[in-house]
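A.B. asks: here is the input, now give the coordinates:
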Amino acid sequence: MASSTLKDATAIVGIGQTPFAKQLPESEKTLAARAITAALDDAGISPAEVDGFASYTMEDTDEVEIAKTIGAGDVTFFSKAGFGGGGSCATIAHLAAAVATGQANVGVAWRSRKRGSGPRPWKNTAVQLPTPA
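C.D. replies: The predicted structure follows:
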């Protein structure tokens, strides 16, 4: 039975990252998949067990592509927290709520951005980002 609170219902069990540098040769999708599989390896969890994903609205990597790339199981939950950067706690909260309420069993949160790949998305004022009302 799913718990009605988050307290003691979930745990962070693995962390993964890729090198931090400008002009990395891999794509953002490849870097995201490498970080996710490193976190799963750290936790001793098979990618096939992953059924939940959380990222950011500014994330260019798509959860469906990430799920296919890592070999995820049947995805039952995904979410996107507004924007990026400081929103990292929201991705964890979304996954914790999904696990606590039985919507997912194993979730991954990620952010993949190649800083040297171009300007920040909000720098170009000629093309405005869509903003939720």
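A.B. asks: what backbone torsions are found at residue 91?
C.D. replies: Note on residue 91: backbone dihedrals following degrees, to the nearest 10 are phi -60, psi -40.
A.B. asks: hang on, it packs against residue 57?
C.D. replies: No. Between residue 91 and residue 57 no contact is recorded; they are 10.9 Å apart, counting by Cβ atoms under 8 Å. For every residue, glycine as well, the C-beta is placed using N, CA and C.
A.B. asks: who has more neighbours, these two?
C.D. replies: When residue 91 is set against residue 57 and neighbours are counted by other Cβ atoms under 10 Å, the residue ahead is residue 91, at 23 against 14.
A.B. asks: between residue 91 and residue 57, what contacts are shared?
C.D. replies: Between them, residue 91 and residue 57 share these contacting residues under Cβ atoms under 8 Å, 6 or more residues apart in numbering: residue 81.
A.B. asks: kindly export the helix or strand containing residue 41 (C-alpha atoms) in PDB.
C.D. replies: Taking DSSP states H and E as the definition, residue 41 sits inside helix 28-43. Presented in PDB, the C-alpha positions along helix 28-43 are these (Å, rounded to 0.1, in the frame of the first residue of the first chain):
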ATOM      1  CA  GLU A  28      24.100  16.200 -24.000                       C
ATOM      2  CA  LYS A  29      22.000  13.000 -24.400                       C
ATOM      3  CA  THR A  30      25.100  10.800 -24.200                       C
ATOM      4  CA  LEU A  31      26.300  12.700 -21.100                       C
ATOM      5  CA  ALA A  32      22.900  12.400 -19.400                       C
ATOM      6  CA  ALA A  33      22.800   8.600 -20.100                       C
ATOM      7  CA  ARG A  34      26.400   8.200 -18.800                       C
ATOM      8  CA  ALA A  35      25.600  10.000 -15.600                       C
ATOM      9  CA  ILE A  36      22.300   8.100 -15.100                       C
ATOM     10  CA  THR A  37      23.900   4.700 -15.700                       C
ATOM     11  CA  ALA A  38      26.800   5.700 -13.300                       C
ATOM     12  CA  ALA A  39      24.200   6.500 -10.600                       C
ATOM     13  CA  LEU A  40      22.400   3.200 -11.200                       C
ATOM     14  CA  ASP A  41      25.700   1.400 -11.000                       C
ATOM     15  CA  ASP A  42      26.400   3.200  -7.800                       C
ATOM     16  CA  ALA A  43      23.100   2.000  -6.400                       C
END
